[in-house]
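Colleague: requesting a structural model of the entry that follows:
(chains A and B)
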Amino acid sequence: MYDFAYHKPTNLADAAKLIGAKKDGRLLAGGQTLLPTMKQRLAQPSDLVDLAGVAELRGIKAEGGGVTVGAMTTHYAAHTSPELRKAIKALAKLAGGIGDPAVRNRGTLGGSIANADPAADYPAALVGLGATVNTNQRKIAADDFFKGLFETALKPGEIVLSVSFPAPKRAAYRKFANPASRYAIVGVFVAETANGVRVAVTGAGPKVFRATALEQALAKKFAPESLAGASVPAAGLNSDLHASAEYRAHLIGVMAKRAVAAALK
Amino acid sequence: MATNGIGAAVRRREDYRFLTGGGTYTDDIDRPGQVYAAFVRSPHAHARIKGVDKASALKVKGVVAVLTGADVAADKIGGLPCGWLIHSKDGSPMKEPPHPILAADRVRYVGDALAVVIADSLAAAKDGAQALKVDYQPLPAVASIAAAERAGAQTVHDDVPGNQCYDWHLGDKAAVDAAFAKAAHVTKLDIVNNRLIPNAMEPRAAIGEFDRATDSYTLYTTTQNPHVIRLLMCAFVLQLPESKVRVVAPDVGGGFGSKIFHYAEEAVLTWAAKKIGKPIKWTSDRAEAFLTDAHGRDHVTKAELALDKSGKFLAMRVATKANMGAYLSTFASSVPTYLYATLLAGQYTTPVIYAEVKSVFTNTTPVDAYRGAGRPEATYVVERLVEMAARELKIDPAEIRRRNFITQFPYQTPVALAYDTGNYEATLGEALKVADYAGYAKRRDASKAKGKLRGVGFACYIEACGIAPSAVAGALGARAGLYETATVRFHPTGTVTVLTGSHAHGQGHETTFAQVVAEKLGVAYEAVEIVHGDTGRIPFGMGTYGSRSLAVGGTALAKACDKIVAKGKKVAAHLLEAAETDIEFKNGKFSVAGTDKGVGIGEVAFACYVPHKFPIDKVEPGLEESAFYDPANFTFPAGSYICEVEVDADTGTVEIQSFVACDDFGNIVNPLIVEGQVHGGLTQGIGQALTEGCVYAADGQLLSGSFMDYAMPRADHVPSYKVSTKVTPCTHNALGVKGCGEAGAIGAPAALMNAITDALAPLGVRDFQMPATPLRVWQAIQAARGSKLAAD
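Modeller: A predicted model of the protein is given here:
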C-alpha cells in the first residue's frame, strides 16, 4: 500500500468539500474493493475521504410504495432490515448473498454501485427494479447510471446519497456464482413492475444490461415457460477462465427461468 | 492400553495454542535489529536480463542494500540442487540445468527472482523493489508441455535440447505389447492430471541471521524438514559448515509438500544476513505464493488397459509427460517416476505393466511434490481406466475390481514394489455396505425424478508411504538417506522430552508421539513433551512428507523407548537385587518375575540421575537413548472410496451427495487425528477434481494467480464424509502403522470423476478432464449432444 492522507468528515457538506479539493482523492465507503486494490498497489489515491461518519448517508426508509436505502447501508443491514424485507423481499435477499459475512458487514450499497463491478449483484437490482440513484447533485435513473466496466454516470466528486427502489409486484434474483470469487458469472434479476417486466443481467457483460428479448417474452405471461425459445445472444458477452460467452448466454436463460419461478412462489 | 496411549482418541494438545493465537510462526518472530527483504521478480515468463540499475532502488528512503544475480555469481554461490537423479532409457543422466538463487542473465518464469531489496521497513523494501530498474529483453516462452515439445520450440535452458529433462521407463515393454496383442478388450483413456497450486494457510517466510561473535548463522524458515534444508543449503549452495548453521522451523501452518523444498529465498537471506550484518525477514504474500511455491501434478498421459473377456487385467501401458516447470525443484524428478509408475499395479494382479515418462522444462513455476506426490497421479490413471473398462464391458465396477484384487501377500508387483500386506476385499466390502450400494438404483431414480443426473464412482487406491529403505532409494537415484531419528530423554524427576527428526505442520505429532511414549514407557501422556523443528536441538532428521512420520519417525521413537527399557532393566535389577533376566517391564513398572517386588520407571530414572545405589560398573548414569530407524520396506496403505454425485445438466453444477471412505492404515495411534487427516485429504482431492485449475496463458502469464480465479474447495463443496477403517498391521515396523496423511488426496479425484462421468454417461459423455467445473461439465454435455446430433 502506498502512503495516503485519511479524512473522516462528519457531514455531507464537509465530505463534498474535501473530495472536491483533492486531485487524486477517493471516497471510501465499505472499502471492500478499494482497500484490497490499494494493498496490492494497484491504486494510489492521495487522499481517502471516509464516509462512515456522514449521518446523511444512512438509513432505510419505506415510502410511497417503495423504499429508499442510504448509500452507507451495509449489505448485512440491508439483508436484515424488516422494512426492506417487507417492501422488496428480493432486494433484501440479494443483499444477503453478496460476498461473505465479512464483506457483507463492511460493504455498502453506495460503494458497490459507485464501483460498478460488472459482476456485482446490486446493479442487477437497480436496473431490474428501475431504481433511482440520488446524489448530492441530482437524481439518476438506474438505466442511465451504469455506463461501462467500472464506469458510472457519477461526475468527479459527486456523492451517492441513497437509492430509491419502487416496489415491484413480484421480483426475484438468481445468481450463478463464480466458483473461485463467488461473484456472479451470471446474475439475473426479474421483476414484474407497474411499468412492465424488467430483466436485468449482471456478470455476463461489461456492465449490467437489460435482456429485452426475455422481457418481451415475459410480458405476454410472467411464467418460466414463456422463456422457452427466448435467448440472449452470446456475442458481446464476457469470456474468461470460468465461463465462455456461450455458456453465459445459456446461463442467462437458466437463471431467468429460475428467477421467474422463484418470483411466482 | 495406557491412558491416552496408542489407540486413544486424544484431542490434539497443539490445538489450544493454534486456536487461541498462541502459535509461533516464522513471521511472528522478530530479531533485534531486523530489516526486511522484498524480492524483485520477473514479470516475464522468459527474458534476458540486459541490465539492473541498483542505484534506482538504493536511492529509495530506507533501502539498506540491493543484491542481484551478479552479486550471487561474484560470491560463487552454488545453485539449488535436485535431490534425485533419474537416468533416461538410454542410460544418460537427466538434464540438471543450473538453478541460481537469484537469476543473473536470464529469467525463466513469471516470479523468478533476480534481485533482493533490503530495507529498514517492509514498505521501504517494497518501494525499493518496485523502483529497481531492470532492462529485460523478452524471449519467446513455452508455457505448456505441448509447447515445450513442439519442433523448433524455444529452449528454456540452452543446454537442454527439446526441453527434455529425461525420457525414463519402467517395466517389460515386450511382455506388455505381447499381452495387448492377445487381449479380448482394450480400454484407452487420455488423461490430464491438472496442475495445482498448493496454498498452505501460512505462506512461506524466512529470517536469515548471522552472529559475528561466533561466526554462525541461524535460519528461521517455514519448512517441513529443517535438517534437509541445512544440509542442502550448506553443502550445495552456500558452502558452509553445517556445524555453523542452525535451521529452525517453528510452528508451520501447513505444507502439503510445498514446504519440503529448499527455496532460493532461504539461501539468499542467510547469505545476505552476513553481508549486511543484520537479521533479514521475508514473508511471502499470497500473490507471491501463487507464483513461487512449487506447484503440483501437471501430467499428460495416454493410458491403456488390456483385459480378457471375463474382465481380468492382462497388461497396462502408460505413457506420461510431466511438466517440471522452469527448473528442477528439490524432489521434482522423483515424483513422476519412482513415486508414480511404481504404483501403477494398484490393488490388482495385472501381470505386466510398462510405463514411460518424459519430463520437460517449461517457462512456468517449478513443479514438485504435492500431497500424494505421484501416487494421486498413478491412482487416477489406474482407477479411471478400471472403471472405464467396467463400463465398456458392462461389468459392475465393484465386481471388476474384485476379480482382479491381489489376495496373497507378500505380493511382488511388476513395477518394483513388494506389498507386505493388505486386505482389499475388506475395505471394499465395508465401503459398499456404508454406501448402501445395493440401494443405489433407487437413489438414482429419485434424482431423476427431480431433474438431476446421479452417478456413482469408485476408487480403490494404494499408496507407498514411509519412504524409504535408504539403500533401495539410493539405488534408484535418491541422493539422501531416508531414515528417521528420535531421542528419548528422561529427566531426573520422571518427565520425558522427545526430540524427533519428524516435523509437524498440522499433523498433530505432539499428541500422537506422546501417546506412543505413554504406551511404550507407561509414563503419563501429560509427562511427555515433543520437540521438533530445530537443528540446534534435534540430533538429525529427514523431516515429514510422504506420510512417513509415524511409520518411520514413530518407529525410531519406539526403538528409542525399547533402549530406555533395556537400560532401565539393568538399573531395576540392581535396585531390586534381582537378576536382569528376571526383570519384566509392563505399564511403567519393572518387576521381578513371579514376585510382587517392583520399581516404577520414574524411580529408575531418578536413580539414573542420582546414582547412589546404581550398577555403576555395568551402566552409565543418565537415562537418554537415541535411535535411527531405516525402514525395511515402504508401507502400503490402501482403501476403497465410493462417491455419489448429482449433476444439474442445465448449469453443469456437480453436487456431491455422499462420500464413503474405508481405509487401511494399519494400526492406528489416534483415531481422531486419522479421521481429520482423511477429511483434509479428501477435501484436497475433491478440490483437484472439482475446483482447482492452474491456468497459464500461452505467453507464460499465470491467469489463475489469486483466489479470485483459483478456486479452493470450500465447506459447501463437500458432503459430511462417512469414514471408517479396517486394519491389517504393517508387517515390518514395530508399531504396525502405515501412514494416513495423503490417502484422501490420492483416492478422491478418481472416485469423484468416475461418479461424474457415470452421471453423464446417459447423455453420451465418455470422459473429460479435471477440474469438473460447471463450465467443463456443461461443455462436455454440449459436445456429446453435438456429436449425437451429428451422428443422427
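
Colleague: enumerate the beta-bridge partners assigned to residue A:140.
Modeller: Legend: beta-bridge partners of residue A:140 under DSSP bridges are residue A:133.

Colleague: ok, residue 12 - contacts?
Modeller: Using chain A here. Listed by Cβ atoms under 8 Å, 6 or more residues apart in numbering or on different chains, the contact set of residue A:12 reads A:54, A:56-57, A:136, A:159, A:161. Any C-beta I mention is one placed from the backbone N, CA and C, and that applies to glycine too.

Colleague: oops, wrong one, chain B.
Modeller: B:508, B:510-511, B:672-673.

Colleague: so which of those residues belong to helices?
Modeller: Among these, DSSP state H puts B:510-511, B:672-673 in helices.

Colleague: how much space between residue B:471 and residue B:483?
Modeller: For residue B:471, the distance to residue B:483 (Cβ to Cβ, to the nearest Å) stands at 11 Å.

Colleague: neighbour count for those two, which is higher?
Modeller: residue B:483 (21 against 12; other Cβ atoms under 10 Å in any protein chain shown).

Colleague: what about the nearest residue to that one once chain neighbours are set aside, how many neighbours?
Modeller: Closest residue to residue B:483 apart from its sequence neighbours, by Cβ to Cβ, 6 or more residues apart in numbering or on different chains: residue B:630 at 3.9 Å. Other residues lying near residue B:630 total 16 when counted by other Cβ under 10 Å.

Colleague: what of residue B:74?
Modeller: Should you count by other Cβ under 10 Å, residue B:74 turns out to have 10 residues around it.

Colleague: tell me the contacts of it?
Modeller: Contacts of residue B:74 (Cβ under 8 Å, 6+ apart): none.

Colleague: one more pass at 10 Å, please.
Modeller: Residue B:74 is in contact with B:68, B:104, counting by Cβ atoms under 10 Å, 6 or more residues apart in numbering or on different chains.

Colleague: in a markdown table: the contacts of residue B:12, plus neighbour count and pLDDT.
Modeller: What follows is the contacts of residue B:12, written out as a markdown table (neighbours: other Cβ atoms under 10 Å in any protein chain shown; pLDDT from 0 to 100):
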| residue | neighbour count | pLDDT |
| --- | --- | --- |
| B:508 | 23 | 96 |
| B:510 | 20 | 97 |
| B:511 | 24 | 98 |
| B:672 | 16 | 97 |
| B:673 | 23 | 98 |
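
Colleague: need the helices for the stretch 51-200 of chain A, in chain order.
Modeller: Under the criterion DSSP state H, counting those that start in this stretch, the stretch 51-200 of chain A carries helices at the ranges A:75-80, A:82-87, A:89-95, A:101-106, A:109-115, A:122-129, A:142-145.

Colleague: now the last one, how far from the centre of its chain.
Modeller: A distance of 11 Å separates the C-alpha centroid of helix A:142-145 from that of its chain, computed with Cα atoms, centre = their mean, to the nearest Å.

Colleague: ok, now the third one?
Modeller: Per Cα atoms, centre = their mean, the displacement of helix A:89-95 from the mean C-alpha position of its chain is 11 Å.

Colleague: same thing with the fourth one?
Modeller: Chain-centre distance of helix A:101-106: 15 Å, with Cα atoms, centre = their mean.

Colleague: show me what that helix is in contact with.
Modeller: With Cβ under 10 Å, 6+ apart, helix A:101-106 has contacts from A:29-33, A:35, A:52, A:74-80, A:95-99, A:112, A:182.

Colleague: and it, what's buried?
Modeller: Going by neighbour count (16 or more other Cβ atoms under 10 Å in any protein chain shown), the buried part of helix A:101-106 is A:103-104, A:106.

Colleague: reformat those residues as JSON lines; add pLDDT.
Modeller: Supplementary listing: these in JSON lines, determined by pLDDT from 0 to 100:
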{"residue": "A:103", "pLDDT": "97"}
{"residue": "A:104", "pLDDT": "98"}
{"residue": "A:106", "pLDDT": "97"}
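
Colleague: for these, which one is nearest chain B?
Modeller: residue A:103 (12.9 Å; Cβ to the nearest Cβ).

Colleague: give me the domain ranges for chain B.
Modeller: For chain B, the structural domains run B:32-140+B:202-253+B:259-292, B:164-194+B:296-406, B:417-464+B:634-792, B:483-629, going by automatic domain parsing.

Colleague: rewinding a little: out of the contacts of residue B:12, flag the one nearest to residue B:306.
Modeller: residue B:673 (41.3 Å; Cβ to Cβ).

Colleague: got the contact list for the residue nearest to that closest one when sequence neighbours are not counted?
Modeller: Leaving aside its sequence neighbours, residue B:673 sits nearest to residue B:508 (Cβ to Cβ, 6+ apart; 4.6 Å). Contacts for residue B:508 (Cβ under 10 Å, 6+ apart) come out as B:10-15, B:515, B:549, B:669-670, B:672-674, B:676-677.

Colleague: PyMOL command for the buried members of those residues?
Modeller: Buried subset of the contacts of residue B:508, written as a PyMOL selection, criterion 16+ other Cβ under 10 Å:
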select buried, chain B and resi 10+12+13+14+515+549+669+670+672+673+674+676+677
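
Colleague: the strands in the stretch 651-792 of chain B, which residues?
Modeller: Shown for the stretch 651-792 of chain B, the strands assigned by DSSP state E, counting those that start in this stretch span residues B:653-664, B:722-725.

Colleague: pick the most deeply packed of the ones you listed.
Modeller: strand B:653-664 (a mean of 23; mean count of other Cβ atoms under 10 Å in any protein chain shown).

Colleague: what strands flank that strand, and is each parallel or antiparallel?
Modeller: With DSSP bridges as the test, strand B:653-664 pairs up with strand B:638-648 (antiparallel), strand B:722-725 (parallel).

Colleague: rounded mean pLDDT for stretch B:530-537, please.
Modeller: In this model, stretch B:530-537 has an average pLDDT of 98.

Colleague: likewise for stretch B:227-235?
Modeller: 97.

Colleague: ok, stretch B:337-355 next?
Modeller: 98.

Colleague: how about stretch B:264-282?
Modeller: 98.

Colleague: which residues touch the residue in the stretch 51-200 of chain A that chain B sits nearest to?
Modeller: Taking Cβ to the nearest Cβ, chain B has its nearest neighbour within the stretch 51-200 of chain A at residue A:180, 3.8 Å off. Counting by Cβ under 10 Å, 6+ apart, residue A:180 makes contact with A:241-242, B:691-693, B:704, B:706-712, B:714, B:773.

Colleague: one more: residue B:691?
Modeller: So residue B:691 contacts A:179-180, B:654, B:710-714, B:717, B:770-773 (Cβ under 10 Å, 6+ apart).

Colleague: residue A:261 against residue A:174, yeah?
Modeller: Yes: with contact defined as Cβ atoms under 10 Å, residue A:261 and residue A:174 form a contacting pair (8.9 Å).

Colleague: who in the stretch 51-200 of chain A is up against chain B?
Modeller: A:100, A:176-183, A:185-186 (Cβ under 10 Å from any Cβ of the partner chain).

Colleague: from the contacts of residue A:12, which ones fall inside strands?
Modeller: Within the contacts of residue A:12, residues falling in strands by DSSP state E are residue A:161.

Colleague: how about the strands of the stretch 501-650 of chain B, start to end?
Modeller: According to DSSP E, counting those that start in this stretch, the strands that the stretch 501-650 of chain B contains are B:528-531, B:583-586, B:589-592, B:598-600, B:624-629, B:638-648.

Colleague: Serialize the residues of the stretch 51-200 of chain A next to chain B to a markdown table and add fields for distance to residue B:460.
Modeller: Output for these, formatted as a markdown table (distance: Cβ to Cβ, whole Å):
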| residue | distance to residue B:460 |
| --- | --- |
| A:100 | 37 |
| A:176 | 35 |
| A:177 | 34 |
| A:178 | 34 |
| A:179 | 29 |
| A:180 | 32 |
| A:181 | 36 |
| A:182 | 35 |
| A:183 | 39 |
| A:185 | 36 |
| A:186 | 39 |
